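A.B. asks: How does the following fold in three dimensions:
(chains A and B)
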Amino acid sequence: GIQVEQSPPDLILQEGANSTLRCNFSDSVNNLQWFHQNPWGQLINLFYIPSGTKQNGRLSATTVATERYSLLYISSSQTTDSGVYFCAVEPYNTNAGKSTFGDGTTLTVKP
Amino acid sequence: ETGVTQTPRHLVMGMTNKKSLKCEQHLGHNAMYWYKQSAKKPLELMFVYNFKEQTENNSVPSRFSPECPNSSHLFLHLHTLQPEDSALYLCASSQETGGIDEQYFGPGTRLTVT
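C.D. replies: As a prediction, this is how the structure comes out:
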């Protein structure tokens, strides 16, 4: 099946710093989403971004589908940004709804 | 209520108990999903339902039994679980399956099997 690799696995930032999280995938995809899982376990949609660039406040994401990667940018990080960031993809040409999640990047933002 | 809701939020059960997890979505979606998230592991897809029909069973043991009576409700019936089944169980929904729609997640049920 499709492989999803996220990097780095762990990231520690000082409040106010910027960061880039990466998601590489091994095959063509229909669908790519970025999620933030907060310390209470809630998964929050950040972006639905199978291709192109989107921005939402301090966060933005870019997916280059032809090169099979996506980047999540966090600017001016805040302590509330802490948690685990997951990338999830659905392989191209499937009707099963079978998303594959990466292992996540654990972000810790220190005050 | 809006979005995707799950009950209970926390559950402790013995290995001989029978319990059920409930998920309800208020988004008008037609597809619903169960995921399992164990400690230090990524999310694992368990089941997918599209228009109330099960379209994916990701080799899940029979001690987990899903039920989807309609497009808005999804249950996960649990019986004779093992301690290694302790995990966060997340429900999600999307408009349909087929790779074109965003998934929206509920808050999860944190299950502990003693």
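A.B. asks: Looking only at the helix-or-strand element of chain B with minimal mean pLDDT, what residues are buried by neighbour count?
C.D. replies: Using mean pLDDT, DSSP states H and E, the weakest-scoring helix or strand in chain B turns out to be strand B:53-57, at a mean of 85. Neighbour-count burial for strand B:53-57, with 16 or more other Cβ atoms under 10 Å in any protein chain shown as criterion, is recorded at B:Thr55, B:Glu56. Every residue, glycine included, has its C-beta placed from N, CA and C.
A.B. asks: now stretch B:25-41
C.D. replies: B:Gln25, B:His29, B:Asn30, B:Ala31, B:Met32, B:Tyr33, B:Trp34, B:Tyr35, B:Lys36, B:Gln37.
A.B. asks: same thing with stretch B:64-82?
C.D. replies: So for stretch B:64-82, counting by 16+ other Cβ under 10 Å, buried means B:Phe64, B:Pro66, B:Cys68, B:Ser71, B:Ser72, B:Leu74, B:Phe75, B:Leu76, B:Leu78, B:Leu81.
A.B. asks: what helices or strands is the helix or strand encompassing A:Leu71 leaning on?
C.D. replies: For A:Leu71, the host element (DSSP states H and E) is strand A:69-74. Counting contacts by 3 or more Cβ pairs under 8 Å, 6 or more residues apart in numbering or on different chains; DSSP states H and E, strand A:69-74 packs against strand A:19-25, strand A:29-37, strand A:59-64, strand A:83-91.
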